[in-house]
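[1] return a 3D structure for these sequence lines:
(4 chains, ligands or ions: 4)
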Amino acid sequence: MTAIGDNDRRLEKYRRMQRIRQFETKAESIHAAGEIPGALHTYAGMEASGVGACMALRDDDYMVGTHRSHGHPIAKGSTLRPLMAELLGKATGVCKGKGGSMHLSDFAMGSLGETSIVGSGGPVAAGAALGAKLQGLDRVALCFFGDGASSEGAIHEGMNLAAVWKLPAIFVCENNRFGMSTPTSAAVAGVNVADRAHGYGIPGVIVDGQDVDAVEEAVREAVDRARAGKGPTLIETKTYRYRDHAVNMGRDLTPRGPEHDDWVARDPITLYRARLLADGVAEGDLDAIDAAIAEEVTDSLNFARESAYPVFEEAFDHVFVDRLPIPDDVLAHA
Amino acid sequence: MTAIGDNDRRLEKYRRMQRIRQFETKAESIHAAGEIPGALHTYAGMEASGVGACMALRDDDYMVGTHRSHGHPIAKGSTLRPLMAELLGKATGVCKGKGGSMHLSDFAMGSLGETSIVGSGGPVAAGAALGAKLQGLDRVALCFFGDGASSEGAIHEGMNLAAVWKLPAIFVCENNRFGMSTPTSAAVAGVNVADRAHGYGIPGVIVDGQDVDAVEEAVREAVDRARAGKGPTLIETKTYRYRDHAVNMGRDLTPRGPEHDDWVARDPITLYRARLLADGVAEGDLDAIDAAIAEEVTDSLNFARESAYPVFEEAFDHVFVDRLPIPDDVLAHA
Amino acid sequence: MAKITFLEAIQQAQAEELERDPRVFMMGEDIRCNVFGTTTGFVERFGEERIRDTPISENGFIGAAGGAAMVGMRPIVDATLSSFLYPAMDQICSIIAKSRYIYGGQAKLPLVLRSCMFYGNSNAAQHSDRPYPMFMNMPGLKIICPSDAADMKGLLKSAIRDDDPVMSFEDGTCWMNKAEVPDDPDFLIPIGKGDIKREGTDITVVAIAGGVNVALKAAKQLAGEGISLEVIDPRTLVPLDRDLILRSVRKTGRAICVDPANRTCSAASEIAATIVEEAFEALRAPVVRITTPDTHLPFSPLIEKPLYPSVERIVSAARRLVGAVEFQSA
Amino acid sequence: MAKITFLEAIQQAQAEELERDPRVFMMGEDIRCNVFGTTTGFVERFGEERIRDTPISENGFIGAAGGAAMVGMRPIVDATLSSFLYPAMDQICSIIAKSRYIYGGQAKLPLVLRSCMFYGNSNAAQHSDRPYPMFMNMPGLKIICPSDAADMKGLLKSAIRDDDPVMSFEDGTCWMNKAEVPDDPDFLIPIGKGDIKREGTDITVVAIAGGVNVALKAAKQLAGEGISLEVIDPRTLVPLDRDLILRSVRKTGRAICVDPANRTCSAASEIAATIVEEAFEALRAPVVRITTPDTHLPFSPLIEKPLYPSVERIVSAARRLVGAVEFQSA
Ligand SMILES: Cc1ncc(C[n+]2csc(CCOP(=O)(O)OP(=O)(O)O)c2C)c(N)n1
Ligand SMILES: Cc1ncc(C[n+]2csc(CCOP(=O)(O)OP(=O)(O)O)c2C)c(N)n1
Ligand SMILES: [Mg+2]
Ligand SMILES: [Mg+2]
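    Ligands and ions are numbered 1, 2, ... in the order given. Next up is the predicted model:
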């Protein structure tokens, strides 16, 4: 599999993968220090999956993600300030401090939620694809879900609906070999999640999830199919999660085998850097990208730290379009 | 496909199919006359599917069925009196008048519910199979579900669970070409429901649902596999529903095509009768069976009619093992 | 103005809003064949793209309504019977009710989720639920539950135009009831406003859905005995018109809540709790709940029917309350 | 007797019952790795057949628990967090709650469905629900929600031995609380019996789950002001020990319901409705509900924390009630 597109695209893929990695490295360390509340699920090791998939999308295409929510928006093109501010629970966060680490969903980038209820994005993506179809737009909707999520009824129903209605949807199963502490083979029947496609009469594609170009190519083919009205595709990116299911929890619950080292040896960013260098990209250009991203991350953290927390009344916003009335006794003691 | 087993078995298959047909013919007419309350979903046309499947089971094997609940218990060996009494809402009914037409479930025959929530039997069957396995029994659990039900998450989750745990379960999709008014092709993605098996790494089998011997043979193979600890099988019986989704509703909602006549021409009972005759069974023996069943049906209706209705207090039984306290004001005006 | 049934009101509301706004479309199992009469002529008029029969996968298509709404559509989902909502609780509770909140207002989910409460017809426990109290406990879902054709039409139209998710619980016992209903294509009943269906002075009866018609019958009967009931139909359960209820109780000093739902944690419980919390000083007697007990519904008609709120139960509670007052004030 | 945490109490209850009855087994996502400490040593002790990690399919394995129970097993399901119950509502409501009824008593479903209410920890709206009121509205499900380690152990053991389905809502805010807990392997707390956690004379506080500990703190503080709270923990929500609550209210004449669930149709609403219906003559003041408002839970900790029932809210309500009485009786 060789690289696709022009050099700028390739550098952009590298940039987005690095941006995810560095953003999360920072997030993990400040989470350990207690600066980020709640649970933090990192995407380290899986960057090629998200970036490859999103680089095959247009800006106005839709995307639905998961609890492992940092990678997808950055892959789709989000800037870091509102994401970092969200991690810190600030009012300037992309979700105004309502969502936090599991929900870094940037609707301006076509995201329709990074939903932390496993599998729940399936129907949403089918619905967004239906909406695009009904509006006569040639947008597609891409649904990221995990290997573990493939066992949920919601994923099945979303895929069946998309297939039977030939909706412009792409289902990307990021198979990182585990759902929390459970190996995929202990939870997911069948050899590959992609094999499920056969039952829906749609293409099922398996792709090396550590190869960002390969992922982009596979997804692009699915996107073309979808835009052409030929219906959905199920793509399985074979990838790997480096860190524990959620970080800084005291012990790694993941029952790793000897293949752990092989996976780390095939780090998607290292691999891509090597490919770019081999293809003649100057090392200095990549170093410059790395350095620029380091600055972006620092900037985003400064921004987040300087931002204000939401005021209490905001807890009553967004249940509905209009703010809820605030009970006196609650307000009095807030 | 040729007949299996000795003559008694073959006559028993004929008998059970006839018993279902005649029972339902009677039920439909007294329902039209207002003697049976609620909705009535008949199994006419599908008798070979239920009987073939159940004849491959032992008495102590488990079975879970659907809203179309008359055929399964009779196929598994239930007697008619408690079933007819249930249709009339009598205290002597198999469910004491609590269930009615959609729930003719005879636990004494290994039934674990004829559940009218579409798809909801899938997890139950997986659980019964798990129970048998944990108890070290070599029982199996068979789940009947419709083509329409295949779209439900519950069926997916039940099959995945059974497959990944190699449970002694058999999933029998009775594809009667419609879910209510919706043709299978408009609701179920993929060419055959049985194709879903591939995704779970289990055998997927398609069988002529009008041929009771063929169904029995296919299910028997699956049962043998299951008892041997090799896990579940998905079997699709291609069959057809003669009457409307629910009978006596005023108009037939089913969008039937020209193939309707072909299906009726392949009536499972007529076909089997012809086969038995061709194989040398005496016509008089079959006629005697028909006549005996007519008497059984009449007897069951007499029994049902003579039975008492449940008393009001019984409405408070079986929410829990102990009867609920009955509110005074409700009792006072019952 | 024309006299139409509750079902026709649903049909009209949908047709008018489908006509008015191209973003409105419908999904549900077997809606094209118009089983209950709420989609008469829709396929011919609005086409198969906008009138969609779905696979039997409530979680899938109800969640898809959420997704479609997020990208600018205004889906009406017909979930057939309220008992079929359970398989979709995942998408209703975690996606539809919460997406706007969790993403800090980025998402908007203008969708209507209709279902019929199909009880009292011998369809047994799996088909007969009235589960709106469950959804009242879940923030982020507006809930309408009208009791007559005019309210049905006006509220459903408001629901379709509303920018929040609205669940419409339609009581099967009201289906065939007729009322005068305005033809005005902009006839709307505001979500969140209750209605006094009958004025009275002695007891406030707050009744839900089909319970309203039972309460009105009881009121008529009691009028002959000189007991005057004020029958309030909240029409909307979320938001609930607490002010209207409290104003009435402050006037009458007594309250009965009539609710076809199961008793524990019912709408009746919520209304009774509101009354004792906010209008205690006005109360002259216990607040009585007339509900379906915490049983499931049995198939056999003779034991099913007496489980629901009845005229007799309301009448005897009312007599008792009025008596209680006399006793108490003696 | 040993001083153990709430989590250890769960672990002990399960271990003892697994030991006692070979029909008992456990299922859940990632239970073998003992994430929260409720299955310590279980795989080694009871084997992988009886301690089963499930696929992520709540509807599938919770329904499978129903099926296994119907054939004679006694499953304990660990559904992790209560917010993950929504995907399983199909099987919980239509199969587990109803099978015994709909089949006229042919089915028996002895199973326990455990889940943790994981709130107050910045895990946002999709992870923080306290949904027991929804299940209280669904007949056929017993519900326990203890607030201390001893009750947790005794009730969970009773639940495992019970022949009906029991849901166990375990409050994450109680996890680390320690109490003296009997070692007796037959130590049982009866399902359906509440407990007076502190006796008092002025106001009955009926508090649910973690709300009990908040109420006890408020009681301590108010004692200094001469206001005496009687704190009642129903411990079981279905069946609810209405007698105990009513007896107390008949004594104190005042009531506050403290409930971490969302306000509308909460357990607090049910209890308030019961009080005004059955103990009206004893009431000297409004029944106040201290609940979480009908918001979802936000991630940002500073705006999340004040949404839950707090000592301050209880204290000021109590002061108001006592004042209200003086005013009223003046
Ligand atoms: C419905 C539901 N069940 C369980 C959980 C708890 N949970 C969160 S992530 C996770 C594992 C998900 O595995 P997978 O889908 O493979 O995604 P990954 O974490 O590997 O990216 C689980 C069980 C949840 N959030 N939602
Ligand atoms: C969860 C749920 N959704 C919808 C229904 C209404 N319903 C009853 S039967 C049926 C069609 C079922 O089709 P299929 O599974 O093919 O079974 P068949 O009736 O053809 O035997 C529908 C939609 C239901 N009972 N339960
Ligand atoms: Mg995974
Ligand atoms: Mg069918």
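[2] between the two ends of stretch C:201-215, how far is it?
    In stretch C:201-215, first residue to last residue: 15 Å (CA to CA, to the nearest Å).
[3] near chain D, anything from that stretch?
    No. Stretch C:201-215 lies out of reach of chain D by CB under 8 Å from any CB of the partner chain, never closer than 12.1 Å. Yep, even glycine has a C-beta here, placed from its N, CA and C like the rest.
[4] that stretch vs chain B: in contact?
    No. On the criterion CB under 8 Å from any CB, stretch C:201-215 is out of touch with chain B, staying 12.1 Å away.
[5] how about that stretch: buried residues?
    For stretch C:201-215, the neighbour count (16 or more other CB atoms under 10 Å in any protein chain shown) marks C:202-215 as buried.
[6] quick one, strands of chain A?
    A:62-66, A:111-115, A:141-146, A:169-175, A:178-179, A:182-183, A:204-208, A:233-238 (DSSP state E).
[7] out of these, which gets nearest to A:Val281?
    strand A:204-208 (20.7 Å; CB to CB).
[8] follow-up on the earlier one: mind putting the buried residues of stretch C:201-215 in TSV, pLDDT, secondary structure and distance to C:Asp129 included?
    TSV is the format used below for the buried residues of stretch C:201-215 (pLDDT from 0 to 100; DSSP: H, G, I helix; E, B strand; the rest coil; distance: CB to CB, whole Å):
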residue	pLDDT	secondary structure	distance to C:Asp129
C:Asp202	98	coil	33
C:Ile203	98	strand	29
C:Thr204	98	strand	27
C:Val205	99	strand	23
C:Val206	99	strand	21
C:Ala207	99	strand	19
C:Ile208	98	coil	14
C:Ala209	98	coil	13
C:Gly210	98	helix	14
C:Gly211	98	helix	15
C:Val212	98	helix	19
C:Asn213	98	helix	19
C:Val214	98	helix	18
C:Ala215	98	helix	21
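[9] just put those in a markdown table and tack on distance to ligand 3.
    What follows is the buried residues of stretch C:201-215, written out as a markdown table (distance: CB to the ion, whole Å):
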| residue | distance to ligand 3 |
| --- | --- |
| C:Asp202 | 64 |
| C:Ile203 | 59 |
| C:Thr204 | 56 |
| C:Val205 | 55 |
| C:Val206 | 50 |
| C:Ala207 | 51 |
| C:Ile208 | 45 |
| C:Ala209 | 44 |
| C:Gly210 | 47 |
| C:Gly211 | 48 |
| C:Val212 | 51 |
| C:Asn213 | 53 |
| C:Val214 | 53 |
| C:Ala215 | 54 |
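[10] just the pLDDT for C:Ala324.
    On pLDDT, C:Ala324 comes in at 62.
[11] A:Val205 now?
    On the pLDDT scale, A:Val205 gets 98.
[12] ok, now the one 3 residues further on?
    According to the predicted model, the pLDDT of A:Asp208 comes to 98.
[13] which strand residues bridge it?
    Beta bridges link A:Asp208 to A:Lys238 when assigned by DSSP bridges.
[14] roughly how far does it sit from chain C?
    29 Å (CB to the nearest CB, to the nearest Å).
[15] now A:Glu152
    A:Glu152 is 8 Å from chain C, by CB to the nearest CB.
[16] that residue reaches D:Ser57, doesn't it?
    Yes. With contact defined as CB atoms under 8 Å, A:Glu152 counts as touching D:Ser57 (5.6 Å).
[17] and C:Ile203, how far from ligand 4?
    C:Ile203 sits at a distance of 51 Å from ligand 4 (criterion: CB to the ion, to the nearest Å).
[18] can you count the residues close to the closest residue to ligand 3 within the stretch 151-300 of chain A?
    Using CB to the ion, the closest approach of the stretch 151-300 of chain A to ligand 3 is made by A:Asn176 at 4.3 Å. Applying other CB atoms under 10 Å in any protein chain shown, we find 25 residues neighbouring A:Asn176.
[19] for the residue lying closest to it once chain neighbours are set aside, list the residues it contacts.
    Excluding the flanking residues, the one nearest A:Asn176 by CB to CB, 6 or more residues apart in numbering or on different chains is A:Arg241, at 4.2 Å. Neighbouring residues of A:Arg241 by CB atoms under 8 Å, 6 or more residues apart in numbering or on different chains: A:42-46, A:176-178, A:254.
[20] ok, so of those residues, who is nearest D:Thr173?
    For the contacts of A:Arg241, the residue nearest D:Thr173 by CB to CB is A:Thr42; the value is 27.2 Å.
[21] coming back round to it: which one of A:Glu152 and D:Ser57 has more residues nearby?
    Per other CB under 10 Å, whichever of A:Glu152 and D:Ser57 has more neighbours is D:Ser57, with 35 against 31.
[22] surely that one and B:Met159 touch.
    No. Counting by CB under 8 Å, D:Ser57 stays clear of B:Met159, with 10.2 Å between them.
[23] what about the residue of the stretch 151-300 of chain C found nearest ligand 1, neighbour count?
    Distance from ligand 1 to each residue of the stretch 151-300 of chain C (CB to the nearest ligand atom) is smallest for C:Pro165, at 20.2 Å. By other CB under 10 Å, the residues close to C:Pro165 number 27.
[24] again, but for C:Arg320
    C:Arg320: 16 neighbours (other CB under 10 Å).
[25] give me the distance between it and chain D.
    12 Å.
[26] the residue nearest to that residue when sequence neighbours are not counted pairs with what?
    In space, and not counting its chain neighbours, C:Arg320 is closest to C:Val288: 7.7 Å by CB to CB, 6+ apart. Taking DSSP bridges, one obtains C:Ile256 as the residues bridged to C:Val288.
[27] just for the stretch 1-150 of chain C, where's the confidence low?
    Across the stretch 1-150 of chain C, not a single residue meets the criterion (pLDDT under 70).
[28] run through the residues of it sitting next to ligand 2.
    By CB under 6 Å from any ligand atom, the residues of the stretch 1-150 of chain C that approach ligand 2 are C:29, C:56, C:58, C:80, C:84, C:87.
[29] check whether the closest residue to the third one other than its chain neighbours sits in a helix, strand or coil.
    What that stands for is C:Glu58. Once flanking residues are discounted, C:Glu58 sits nearest to C:Ala88: 3.9 Å by CB to CB, 6+ apart. What DSSP: H, G, I helix; E, B strand; the rest coil gives for C:Ala88 is helix.
[30] now find how far off-centre stretch C:43-52 is within its chain.
    Relative to its parent chain, stretch C:43-52 has a centroid offset of 27 Å by CA atoms, centre = their mean, to the nearest Å.
[31] that one near chain A anywhere?
    Yes. Judged by CB under 8 Å from any CB, stretch C:43-52 comes into contact with chain A at C:49-50, C:52.
[32] can I get that stretch in CSV? Just the C-alpha atoms.
    Listed in CSV are the C-alpha atoms of stretch C:43-52, where the atom choice follows Å, rounded to 0.1, in the frame of the first residue of the first chain:
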residue,chain,number,x,y,z
VAL,C,43,-47.5,7.7,1.0
GLU,C,44,-49.4,9.0,-2.0
ARG,C,45,-49.2,12.6,-0.7
PHE,C,46,-45.7,12.7,0.7
GLY,C,47,-43.9,9.9,-0.9
GLU,C,48,-42.0,6.9,0.3
GLU,C,49,-38.9,8.9,1.2
ARG,C,50,-40.7,10.9,3.8
ILE,C,51,-43.1,8.1,5.0
ARG,C,52,-40.8,5.3,5.9
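[33] pull out the buried positions in it.
    For stretch C:43-52, burial by neighbour count (16+ other CB under 10 Å) applies to C:43, C:46, C:50-52.
[34] could you do stretch A:128-143 as well?
    Buried, per 16+ other CB under 10 Å, within stretch A:128-143: A:128-134, A:139-143.
[35] ok, now stretch A:99-112?
    A:99-107, A:109-112.
[36] tell me the spacing between the residue nearest to A:Asn176 and D:Glu278.
    Distance of A:Arg241 to D:Glu278, computed by CB to CB, to the nearest Å: 56 Å.
[37] quick one: mean pLDDT over stretch A:63-78.
    98.
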